[in-house]
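Asker: Sharing a sequence plus its predicted fold:
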Amino acid sequence: MNPGKIAVIVPCYRVSGTIEEVISILPNMIDHIIVIDDACPDNSGRFVEGLGYDKVDVIYHKRNQGVGGAVMTGYLKAMELGCDIVVKMDGDGQMDPAYLCDLIEPLKKNEADYTKGNRFVDFKMLRTMPKVRLLGNNILSFFEKVFSGYWHIMDPTNGYTAIHRNILEKLDLSKIARGYFFESHMLLHLNLINAVVKDVPIPARYGTENSSLNICKTLISFPPRLILGLFKRIFLKYFIYDFNMASVYLVLGIPLFLWGIGFGLYHWLDSAFSGNPKTAGTIMVAALPLILSVEMLLQAVNIDIQNTPRRTKRKNVYD
């Protein structure tokens with residue numbers, strides 16, 4: 001089974017101490033290794049060029065664009081080189097090349113359009129993950145499921161990914177976030193074009209490398225972007241691209257919920273300050289819309305879960 005040409009993108013920023021090992025142990029089946037020197041102060045790109053490896057293309061950014069910007073540059077170069085499957089690996093050695101074949105196998109079999117690593121499978125492996133990263137991932141994972149619409153995936157910020165050219169060509173790369181939010185933003189845009197995403201169990205390797213990811217900053221900056229992205233996805237998928245029962249439940253459920261909260265809060269405060277209890281009828285006028293709205297919103301969530309992009313059985317594209 002011939003998967004076509006395969007490229008590996010390696011964003012580089014302060015990884016001169018680990019990049020050589022990453023490149024040296026990549027499997028021979030890789031056709032192109034695209035190294036992106038993202039204005040690295042350690043001159044990682046020059047260091048890679050000096051190694052003299054075949055199949056390596058080094059691209060330099062004049063200014064730092066973030067890991068997302070480096071990956072987008074790599075995607076464009078991979079398409080220019082005619083590659084069919086594009087893998088993204090970090091240059092810090094945390095992504096084990098031994099699992100690269102597992103990562104691209106669903107793409108070769110046409111079971112998925114985009115695959116990503118999932119570190120949350122093996123309990124023994126989880127014990128090796130730094131506690132701060134584990135905590136941050138657990139906090140963000142659920143909200144990212146809601147945001148992206150891929151309810152079946154875990155570890156959504158995992159950067160060990162592979163994508164097929166067919167789906168890559170449908171994406172507007174200029175609209176995808178350039179910083180550390182890009183993995184999450186990528187999932188949002190993949191959902192909007194109904195790309196099939198699949199998790200692949202891959203343990204991470206943590207050594208002495210320094211991460212430039214600021215966990216506290218991430219936990220502060222991610223939630224507002226997740227909320228805005230959720231609104232965008234719901235609006236496009238359920239009011240522009242389609243209109244179904246989830247749309248009806250949202251149209252009815254959200255106003256009823258807001259009415260119930262507003263009406264109930266107003267009369268609760270009025271009763272608290274005046275000392276006069278409200279009648280059962282007043283309470284029901286607040287409670288009934290809340291009960292109905294919660295039921296409607298839960299039904300909308302259920303429909304959204306059922307609408308997660310999935311692959312229907314069809315002939316393998318490589319047969």
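Answerer: Arrived safely. Bear in mind that the values here come from a model prediction, so they are computed numbers and not experimental data.

Asker: which stretches of the stretch 51-200 of the chain form strands?
Answerer: 56-60, 85-88, 114-118, 161-164, 197-201 (DSSP state E, counting those that start in this stretch).

Asker: Tell me which stretches of this protein form helices.
Answerer: Taking DSSP state H, the helices of the chain run over residues 19-24, 44-51, 66-80, 100-108, 123-128, 131-148, 165-168, 182-192, 215-235, 245-274, 280-306.

Asker: of all those, which lies closest to residue 154?
Answerer: With Cβ to Cβ, the closest approach to residue 154 among the helices of the chain belongs to helix 131-148: 6.2 Å. In this view, the C-beta of every residue, glycine as well, is placed from N, C-alpha and C.

Asker: mind listing what's buried in the closest one?
Answerer: Of all the residues in helix 131-148, those buried under the rule 16 or more other Cβ atoms under 10 Å are 133, 136, 137, 140, 143, 144, 145, 146, 147, 148.

Asker: got the contact list for that helix?
Answerer: 119-120, 126, 151, 153-157, 184, 187-188, 190-191, 215, 218-219, 222-223, 226-227, 229-230, 233 (Cβ atoms under 8 Å, 6 or more residues apart in numbering).

Asker: mind putting the helices of the chain in a markdown table, mean pLDDT and distance to residue 174 included?
Answerer: Output for the helices of the chain, formatted as a markdown table (pLDDT from 0 to 100; distance: least, Cβ to Cβ, whole Å):
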| stretch | mean pLDDT | distance to residue 174 |
| --- | --- | --- |
| helix 19-24 | 91 | 28 |
| helix 44-51 | 91 | 24 |
| helix 66-80 | 95 | 8 |
| helix 100-108 | 95 | 24 |
| helix 123-128 | 69 | 36 |
| helix 131-148 | 80 | 19 |
| helix 165-168 | 95 | 13 |
| helix 182-192 | 93 | 11 |
| helix 215-235 | 82 | 16 |
| helix 245-274 | 94 | 29 |
| helix 280-306 | 95 | 27 |
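
Asker: mind checking which of those is nearest residue 9?
Answerer: Ranking these by proximity to residue 9 (Cβ to Cβ) places helix 66-80 first, at 3.2 Å.

Asker: Just list what that closest one packs against, helices and strands only.
Answerer: Counting by 3 or more Cβ pairs under 8 Å, 6 or more residues apart in numbering; DSSP states H and E, the packing neighbours recorded for helix 66-80 are strand 6-12, strand 32-37, strand 56-60, strand 85-88, helix 165-168, helix 182-192.

Asker: And the contacts of it?
Answerer: 7, 9-13, 32, 34, 36, 38, 57, 59, 61, 65, 86, 88, 90, 159, 163, 165, 168-169, 173, 176-183, 185.

Asker: Please indicate which of these are buried?
Answerer: Neighbour-count burial (16+ other Cβ under 10 Å) is assigned, among the contacts of helix 66-80, to 7, 9-13, 32, 34, 36, 38, 57, 59, 61, 65, 86, 88, 90, 159, 163, 165, 168, 173, 176-178, 180-183, 185.

Asker: which residue is nearest the centroid of the protein?
Answerer: Here the mean C-alpha position of the chain is nearest to the C-alpha of residue 184 (Cα atoms, centre = their mean), at a distance of 3.1 Å.

Asker: Quick check: that residue vs residue 281, distance?
Answerer: Going from residue 184 to residue 281 by Cβ to Cβ, to the nearest Å gives 46 Å.

Asker: Lovely, talk soon.
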